[in-house]
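Visitor: with the input below, show me the fold.
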Amino acid sequence: MPYSLKEINEAIRTDPKGFAEECDAGFAKKVENAARQIAEHRRESHVILLSGPSGSGKTTTALKIEEALERIGISTHTISMDNYFNTIDPETAPRNREGAIDYESPFCLDIDLLNRHFSMLDRGETIHVPKYEFSRQMRSNILSQPLKLGPDELAIFEGIHALNDIIVGKNPKAFKLYIAARSNYTSGEGEIVFQHPWLRLCRRIVRDYKFRGSDAGFTLKMWNNVVRGEKLYISPYKENANLMFDSSLACEVSALKPFVVPLLEAVSQEKYPIAGEMLRALDRFEVLDESYIAPDSLAREFIGGSTYSY
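Guide: Numbers count the residues shown, from 1 in each chain. The predicted structure follows:
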């Protein structure tokens, strides 16, 4: 469902606090709906597979679903599938058409270990969740954490490849959830003012700067490869999902604007024409001050200041 730019700007001018709260409340309803469906499915499997493209808000959404399940008495654990990355070996790592290591490929994951762990959890056995050290590009078993699920406990495994056939095929009973920012922003007369992929890109640009110190040029340089990976490895499998979840917030472009605009202005629009296109679109949005964004809002995953520990 598209968002109306006219309504967004009017809401920010008249009641920015109420508007931000309304957006979070709408997102909370989606979370509660997902938690209810997962709870109803839990006799089939203890495992939830949560997938979505980069910048879709998988981490915060998984944690919010975990909280919602906990509130109805279902103990839940959230595990990032990033911890199942293989230690990078240039000799065996998957390659793209240009011959570079394809970091977007699902075969960067230890698929056999993942599938084995899913089966063990469903049987009530103890697994040891590995820890991937990105700074060293290697997996550490020393830092692994034991996990055993009780009869009414669940485990959410979140990652971009969670719904890939090589995982779902061996875990057909797992509850499968696909998350993406799926709503465009329109003028109210049918004109698309801001495309939903741009929202994810803005999220990535701001998050990369806030948490990695990377400029927008770094994110934009990687973006085409990220999108290529999504088209090859993520989007084709979204139909495997039991539930599709729109993670966009109507207020979010306005909240991201003061952070992303200076970052986009600092890059060459000749080199990255998309930066100019986004800046012209962003100019039409009123700014929503960060002070109106709740600490537990999904938007905090990208602008910082979240109550969640990632």
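Visitor: use CA for all of it now, contacts and neighbours both
Guide: Fine.
Visitor: what backbone torsions are found at residue 21?
Guide: In this entry, residue 21 is assigned phi and psi values of phi -70, psi -40 (degrees, to the nearest 10).
Visitor: just after the helix or strand bottoming out on mean pLDDT in the chain, pick out the following helix or strand.
Guide: For the chain, counting by mean pLDDT, DSSP states H and E, strand 138-147 ranks last in confidence among helices and strands (a mean of 84). Using DSSP states H and E, the next helix or strand after strand 138-147 towards the C-terminus is strand 154-158.
Visitor: quick one: residues in contact with that next one.
Guide: Residues outside strand 154-158 that contact it (Cα atoms under 8 Å, 6 or more residues apart in numbering): 42, 46-51, 58-59, 62, 66, 74-81, 149.
Visitor: circling back to that earlier point, which positions in the least confident helix or strand of the chain come out as buried?
Guide: By neighbour count on 16 or more other Cα atoms under 10 Å, the buried set for strand 138-147 is 138-140, 147.
Visitor: switch those over to a markdown table; also include distance to residue 102.
Guide: Below are the buried residues of strand 138-147 laid out as a markdown table (distance: Cα to Cα, whole Å):
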| residue | distance to residue 102 |
| --- | --- |
| 138 | 16 |
| 139 | 18 |
| 140 | 21 |
| 147 | 30 |
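Visitor: could I get the full set of strands for the stretch 51-200 of the chain?
Guide: 76-80, 127-133, 138-147, 154-158, 175-180, 185-186, 192-194 (DSSP state E, counting those that start in this stretch).
Visitor: other SSEs contacting the helix or strand harbouring residue 254?
Guide: Taking DSSP H and E as the definition, residue 254 sits inside helix 252-265. When contacts are defined as 3 or more Cα pairs under 8 Å, 6 or more residues apart in numbering; DSSP states H and E, helix 252-265 packs onto helix 196-212, helix 273-282.
Visitor: how about stretch 174-188: buried residues?
Guide: 174-187.
Visitor: how about residue 66, nearest residue that isn't a chain neighbour?
Guide: In this structure, residue 66 finds its nearest non-sequential neighbour in residue 76, 5.5 Å apart by Cα to Cα, 6 or more residues apart in numbering.
Visitor: residues in contact with the one you found?
Guide: So residue 76 contacts 66, 69-70, 153-156 (Cα under 8 Å, 6+ apart).
Visitor: of the residues you listed, select the buried ones using a ChimeraX command.
Guide: Paste this into ChimeraX to select the buried members of the contacts of residue 76, with burial taken from 16+ other Cα under 10 Å:
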select :66,69,153,154,155,156
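Visitor: return the member of the contacts of residue 76 nearest to residue 248.
Guide: residue 66 (19.2 Å; Cα to Cα).
Visitor: how near is the closest one to residue 132?
Guide: Noted for residue 66: a distance of 22 Å to residue 132, by Cα to Cα, to the nearest Å.
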